[in-house]
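# sequence and computational prediction follow.
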Amino acid sequence: MPPCVLLVDDERPILNSLRRVLRAEGYDLLFAQTGEEALADLREREVAVVVCDQNLGSTTGAEVLAEALQIRPSTVRIMLTASTDLNTAQEAINRGRISRFLLKPWDDENLKAVIAEGVHRFQLEQEVLRLHEETSRQRDQLESWARTLEEQVRQRTADLQSAYEETLNALVMALDRREHATAGHSRRVAAYALYFAGELGISSDQFENIYRGAMLHDIGKIGVSDTVLLKPGSLTPEEREAIERHVVMGHELLRDIAYLRPALAIPRYHHERFDGTGYAEGIPGDAIPIEAKAFAIVDAYDALRCERPYKKAMSHERTCEIIMESSGTHFDPSLARVYCSLPEEVFGQLAEMAESAGCFEEVLRICRTVREDVAVPAGSDGSMTASAGLSTT
């Protein structure tokens, strides 16, 4: 079912103009000439975006949008007006919590872009709400069974874990299919990150969170348009800003999902740099969580080792040279040394075996198998304790 867009203006010619601009955009368009008509439509229909004129005769657009906020809180509200009065804008923002303020006469392409952005935001919020409600429903069901039989609780916990893994895998598959050049990227970096965590002596209690964080590190790119994400040429400053916001959007998407909340460090901070020039926080050195600093190296390694439309794959040796050249600026020097001391064979085996892995436990077993096959000596660089977390004992 196409998303619904409600257009409100007391002048029929204006509504006709809006119809002409938007009729080819694939929306289910509703039209209202009064505030009462608009609010009635909102009570009857789920509306993704409402675009409302400020001057509606007996009422104002700010008043209508304030009512719309109460009726449909998730609907994205946009003010369209010929007035440049600051008080008008302030009233609309304060009362209706509008997301955008557009002036007449409008630019057709800008209007379409703003509405498309609003529809996309609405759809994302609806999906997050759906996932949150489903998680809450499953949690309530689990708690109900906990009051009955302990065995039923254990069984349902296993079922939920399986469902969580399936959800995670579905999200990752969607991301990898969207970016054709990086197919399998998420599975590889998850395996690399888990193995690297063992090299760094990170507690095994953190392994599952590291795995989930690595698998979902780029989930925020769901909110980046294809025209920007898949653009073959260089990005404009605005497009670069849209790309960089994916870490913030990923954090916002995942933070309300209880079982993923402990895994937020990698999605949120994996583009921070050791010298503090990264994004989105611009925090340096020890202020960056260790799992995010470690994953930044893993992510860069896989990107350099894989062929892309705009570059050839690099060798393991050259990739490690680049990582070491960037240590102290992009990467934590001590972590970079440990990572680049690992044999190429480790990464080859991990990549090959992780391709068919479907869950955390399988990837953990793969890491243990590779460690036994390659027999990397503990503390091989003299600075870290290897294999602390991946012991088979």
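Structure received.
# quick one: the helices in the stretch 201-350 of the chain, in order.
With helices called from DSSP state H, counting those that start in this stretch, the stretch 201-350 of the chain shows them at 207-215, 226-229, 237-244, 246-254, 265-269, 290-305, 316-325, 333-340, 344-354.
# any idea which of those helices scores lowest on pLDDT?
Of all the helices of the stretch 201-350 of the chain, mean pLDDT reaches its minimum on helix 226-229 (a mean of 80).
# picking up where we left off before, can you redo the helices of the stretch 201-350 of the chain as CSV with mean neighbour count?
The way it works is simple: take the backbone N, C-alpha and C, and place the C-beta from them, glycine included. Formatted as CSV, the helices of the stretch 201-350 of the chain follow (neighbours: other C-beta atoms under 10 Å):
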stretch, mean neighbour count
helix 207-215, 24
helix 226-229, 13
helix 237-244, 14
helix 246-254, 21
helix 265-269, 25
helix 290-305, 22
helix 316-325, 15
helix 333-340, 20
helix 344-354, 18
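# out of those helices, which gets nearest to Leu131?
Proximity of those to Leu131 was assessed by C-beta to C-beta; the nearest stretch is helix 246-254, lying at 8.8 Å.
# mind giving me the packing neighbours of that closest one?
On a contact count with 3 or more C-beta pairs under 8 Å, 6 or more residues apart in numbering; DSSP states H and E, helix 246-254 meets helix 265-269.
# show residues contacting the helix it packs on.
For helix 265-269, the surrounding residues in contact (C-beta atoms under 8 Å, 6 or more residues apart in numbering) are 193, 209-210, 213-214, 216-220, 247-248, 250-251, 254, 281, 283, 288-289, 291-292, 295.
# can I get the helices of the stretch 201-350 of the chain in a markdown table including distance to Pro105?
Putting the helices of the stretch 201-350 of the chain into a markdown table (distance: least, C-beta to C-beta, whole Å) gives the following:
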| stretch | distance to Pro105 |
| --- | --- |
| helix 207-215 | 47 |
| helix 226-229 | 26 |
| helix 237-244 | 23 |
| helix 246-254 | 32 |
| helix 265-269 | 41 |
| helix 290-305 | 45 |
| helix 316-325 | 51 |
| helix 333-340 | 55 |
| helix 344-354 | 55 |
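# to Leu65, which of those lies closest?
Of all the helices of the stretch 201-350 of the chain, helix 246-254 comes closest under C-beta to C-beta, at 23.3 Å.
# what comes up buried for stretch 44-63?
47-54, 56, 59-63 (16 or more other C-beta atoms under 10 Å).
# excluding covalently adjacent residues, which one is nearest to Leu142?
Nearest in space to Leu142, with sequence neighbours left out and distances taken as C-beta to C-beta, 6 or more residues apart in numbering, is Arg156 at 5.4 Å.
# how far away is the one you found from Gly358?
20 Å (C-beta to C-beta, to the nearest Å).
# more neighbours, the two?
A side-by-side neighbour count of Arg156 and Gly358, using other C-beta atoms under 10 Å, places Arg156 first with 16 against 13.
# surely the more buried one and Asp140 touch.
No: between Arg156 and Asp140 there is no contact under C-beta atoms under 8 Å: 11.5 Å.
# right, and the helix or strand after the one helix or strand Leu69 maps to?
Counting by DSSP states H and E, the element that carries Leu69 is helix 61-71. Following helix 61-71 in sequence order, the next helix or strand is strand 76-81 (DSSP H and E).
# could I get that following strand in CSV with only the CA atoms?
Taking Å, rounded to 0.1, in the frame of the first residue of the first chain, the C-alpha atoms of strand 76-81 are listed here in CSV:
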residue,chain,number,x,y,z
VAL,A,76,5.7,14.0,9.7
ARG,A,77,4.4,17.6,9.8
ILE,A,78,5.5,20.2,7.2
MET,A,79,4.4,23.9,7.1
LEU,A,80,3.8,25.5,3.7
THR,A,81,3.2,29.2,3.8
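# how far out from the middle of the chain is it?
26 Å (C-alpha atoms, centre = their mean, to the nearest Å).
# what angle sits between it and helix 61-71?
170 degrees (axes from the mean of the first three to the mean of the last three C-alpha atoms, to 10 degrees).
# for the record, mean pLDDT for strand 76-81?
88.
# now, the buried residues of stretch 44-63 that are in strands?
The members of the buried residues of stretch 44-63 that map onto strands under DSSP state E are Val49, Val50, Val51, Cys52, Asp53.
# which one of those sits closest to Asp373?
Closest to Asp373, out of all of those and judged by C-beta to C-beta, is Val49, at 55.4 Å.
# quick one on the thing from earlier: quick check, distance from the helix holding Leu69 to the centre of its chain.
A distance of 30 Å separates the centroid of the chain from that of helix 61-71, by C-alpha atoms, centre = their mean.
# now for Ala191, how many residues are close by?
Residues near Ala191, counting by other C-beta under 10 Å: 30.
# ok, and the closest non-adjacent residue to Asp373?
Asp373's closest residue in space is Gln349 (C-beta to C-beta, 6+ apart), at 6.6 Å.
# ok, that neighbour to Val374 distance?
7 Å.
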